[in-house]
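Engineer: structure for this input, please:
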Amino acid sequence: MADLFDSGAPKGIDTPDPGRAAPRPLADRLRPQSLGEVIGQEQVLGPEAPLGVMLAAGSLSSLIFWGPPGVGKTTIARLLAQETDLHFVQISAIFTGVPDLKKVFEAAKVRRQTGQGTLLFVDEIHRFNKAQQDGFLPHMEDGTILLVGATTENPSFELNAAVLSRSQVLVLERLSDDDLERLTARAEAELGRALPLTPDARSALQEMADGDGRALLNLIEQVAAWRVSDPLGREALSTRLMKRAAKYDKSGDEHYNLISALHKSVRGSDPDAALYWYARMLEGGEDPRYLARRLTRMAVEDIALADPQAQAICLQAWETYERLGSPEGELALAQAVIYLALAPKTNAGYMAYKAARRLAKQTGSLMPPKHILNAPTKLMEDQGYGTGYDYDHNAEDGFSGQNYFPDGIERPTLYDPVERGFERDLKKRVEYFAKLRAQRGG
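Structural biologist: Have a look, this model is predicted:
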């Protein structure tokens, strides 16, 4: 019967020991034990920063932490509870339903009756629907809970106005290069040895984390387990580790942030920056057709008649992409990016269009002056339609100078060209016709 208790494991292989604790991940072992140990986020934790001021005053309000993954949202929330002697409760909006929330609120009420407050940390709070978010309000207002929500999405779009009005939004930033180096050094101290990497490979490892501290610690843990005789270089490291995908959501904040950066770099006549943001969007998986459409918009909105070829070049690049596909088609779009960035800029046409729309709304249904109306019937002739119209081709210089605005409207100036690019020539024409119009009493 003794064989029944024999594990049968091959010699030299340890069998599980029920009394031995499982090894803790490096990220868990390095979890800060106080706010002073948190790496980065000085903009919210510093002595004069929002949380520093709140803690110094002994008055903590409900908070929303907005930032990318791996920057310390959960850790800071837990340490805030510790600093303020609040009971820490953590839930995730992904796995928590209304019945679970009711239990959390009931438990918080019981604690409050015994003099213990509750800091409720809600991860991915933006995933709760409107009704669920509304459920927090009475418990926030009567002090049952102090809410700390965490979100990777823009709170302005994803959270109820009522929740936002009762909370302070704090932006947590991706970790800087210096922050990542400090975290690497702290990990090496915990491991008791340096990573088997050259300085260049060490930098590459931190680049792979892309500002995510948790991702960096996971990568470090993998590297530390390797048995190598000599430090690995960048290329050897890249062979062994898969680069972390860049943070990019084609329908979220990153999409709009990057297209805004591309547009403003083009408007700012910086081809290098424009190419960088264009490449960042492609690396994130953006559809080149979307970029082609936005480039065409830039040509219309920001370059316009300062360089009439810009729009045509964008349309040609778009068509080239449709015919060639990737990657050659993306090169055609890149060349359009460069052309737009270096082209002269004007928004005079855009501003004139908006002014014309405003004037059209203000003036309602005013009729055109009768002299520029056609008179296909006798009745219309009798009403004066077409009477006094001057045919411009028969006028001196091909310009009659007549008024074409409704009667009673003082002539506005809607289009005011700039002294740049082709629009410089258009400005001369505008001024020339204005001079003739004044001479002929139009």
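
Engineer: how many neighbours does the residue nearest to R174 when sequence neighbours are not counted have?
Structural biologist: Taking C-beta to C-beta, 6 or more residues apart in numbering, and ignoring the residues beside it in sequence, R174 has G211 as its nearest neighbour in space, at 2.8 Å. All C-beta spots, glycine's among them, are computed from the backbone N, C-alpha and C. Residue neighbour count, defined by other C-beta atoms under 10 Å, stands at 23 for G211.

Engineer: just R214 next, same as before
Structural biologist: By the measure other C-beta under 10 Å, the count of residues near R214 is 20.

Engineer: ok, now which ones touch it?
Structural biologist: Shown in contact with R214 (C-beta atoms under 8 Å, 6 or more residues apart in numbering): 27, 69-70.

Engineer: going by distance to R127, which of those wins?
Structural biologist: When the contacts of R214 are compared for distance to R127 (C-beta to C-beta), P69 wins out at 14.3 Å.

Engineer: quick one: residues contacting the closest one.
Structural biologist: The neighbours of P69, taking C-beta under 8 Å, 6+ apart as the test, are 152, 212, 214-215, 247.

Engineer: quick one, phi/psi of it?
Structural biologist: phi -70, psi 150 (degrees, to the nearest 10).

Engineer: hang on, the earlier thing: can you classify the residue nearest to R174 by secondary structure?
Structural biologist: Three-state call for G211 (DSSP: H, G, I helix; E, B strand; the rest coil): coil.

Engineer: list the residues that contact it.
Structural biologist: Taking C-beta under 8 Å, 6+ apart as the contact definition, G211 lies against 68, 70-71, 173-176, 180.

Engineer: okay if I get those residues as TSV plus distance to L55 and neighbour count?
Structural biologist: Compiled in TSV, these are given as follows (distance: C-beta to C-beta, whole Å; neighbours: other C-beta atoms under 10 Å):
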residue	distance to L55	neighbour count
P68	24	17
G70	24	21
V71	19	25
E173	20	15
R174	24	18
L175	22	27
S176	23	12
L180	26	25
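
Engineer: could I get these as CSV with distance to K361?
Structural biologist: Converted to CSV, the contacts of G211 look like this (distance: C-beta to C-beta, whole Å):
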residue, distance to K361
P68, 43
G70, 50
V71, 47
E173, 43
R174, 45
L175, 50
S176, 49
L180, 54
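
Engineer: what about the residue nearest to R174, distance to L79?
Structural biologist: To L79, G211 is 21 Å away according to C-beta to C-beta, to the nearest Å.

Engineer: which stretches of this structure have low pLDDT?
Structural biologist: Where the chain drops to pLDDT under 70, the residues are 1-22, 242-253, 442.

Engineer: switch the contacts of G211 over to TSV; also include distance to H371 and secondary structure.
Structural biologist: Rendered in TSV, the data for the contacts of G211 read as follows (distance: C-beta to C-beta, whole Å; DSSP: H, G, I helix; E, B strand; the rest coil):
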residue	distance to H371	secondary structure
P68	64	coil
G70	71	coil
V71	69	coil
E173	64	coil
R174	65	coil
L175	71	coil
S176	69	coil
L180	74	helix
